[in-house]
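Enquirer: sequence and predicted structure, then a few things I'm wondering about:
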Amino acid sequence: MKIIKISALWCPSCLIMNDVIDDVVNEKNIELIKYDFDLDANIVEKYNVGNILPVLILLNDKDEEIKRIVGEHSKKEIFEFIEG
């Protein structure tokens with residue numbers, strides 16, 4: 001399982017969520033792939049990312065999207081997103 005995180009340096013919610021997301025993926029031992037909203041336009045387009053950031057996309061073993069979560073969330077909500 002992998003998580004793609006799409007965020008931006010100018011995004012306050014992204015800055016708030018950085019440590020929370022890093023803590024969760026480290027505790028769950030999940031690969032985190034980071035992309036920048038402004039620098040990785042091809043990824044933003046591929047995953048149809050809107051204007052609300054950050055976006056977390058959970059991928060299965062075949063790199064297919066399982067689900068996504070958008071915006072600010074608590075550590076508990078991120079765990080539930082991964083486990084549920």
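Expert: Cool, got the structure. Residues are numbered from 1 along each chain as shown.
Enquirer: longest helix in the chain, by residue count?
Expert: Ordering each helix of the chain by length in residues (DSSP state H) puts helix 12-28 first.
Enquirer: what's the pLDDT at the nearest residue to Arg68 once chain neighbours are set aside?
Expert: For Arg68, ignoring the flanking residues on the chain, the nearest one in space by CB to CB, 6 or more residues apart in numbering is Ile57 at 4.6 Å. Every C-beta, even on glycine, is put in place using the N, C-alpha and C of the backbone. With respect to pLDDT, Ile57 scores 98.
Enquirer: could you pull out the helices in the protein for me?
Expert: Using DSSP H, the helices assigned to the chain run over residues 12-28, 41-46, 75-83.
Enquirer: export these to TSV and tack on distance to Ile69, mean pLDDT and mean neighbour count?
Expert: Listed next are the helices of the chain as TSV, based on distance: least, CB to CB, whole Å; pLDDT from 0 to 100; neighbours: other CB atoms under 10 Å:
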stretch	distance to Ile69	mean pLDDT	mean neighbour count
helix 12-28	10	94	15
helix 41-46	16	96	13
helix 75-83	5	94	14
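Enquirer: and the ones you listed: which comes nearest Lys5?
Expert: With CB to CB, the closest approach to Lys5 among the helices of the chain belongs to helix 12-28: 6.0 Å.
Enquirer: contact partners of the longest helix of the chain?
Expert: With contact meaning CB atoms under 8 Å, 6 or more residues apart in numbering, helix 12-28 is reached by 3, 5, 7-8, 30-32, 53-54, 56, 71-75, 78-79, 82.
Enquirer: bridged to the residue nearest to Arg68, which residues?
Expert: Residues in a beta bridge with Ile57, per DSSP bridges, are Ile4, Arg68.
Enquirer: tell me who's in contact with it.
Expert: By CB under 8 Å, 6+ apart, the residues touching Ile57 are Ile3, Ile4, Ile6, Tyr47, Glu65, Lys67, Arg68.
Enquirer: count the neighbours of the fourth one for me.
Expert: Looking back up the chat, that one is Tyr47. Tyr47 has 15 neighbouring residues, counting by other CB atoms under 10 Å.
Enquirer: against Lys75, how distant is it?
Expert: Tyr47 sits 23 Å away from Lys75, going by CB to CB, to the nearest Å.
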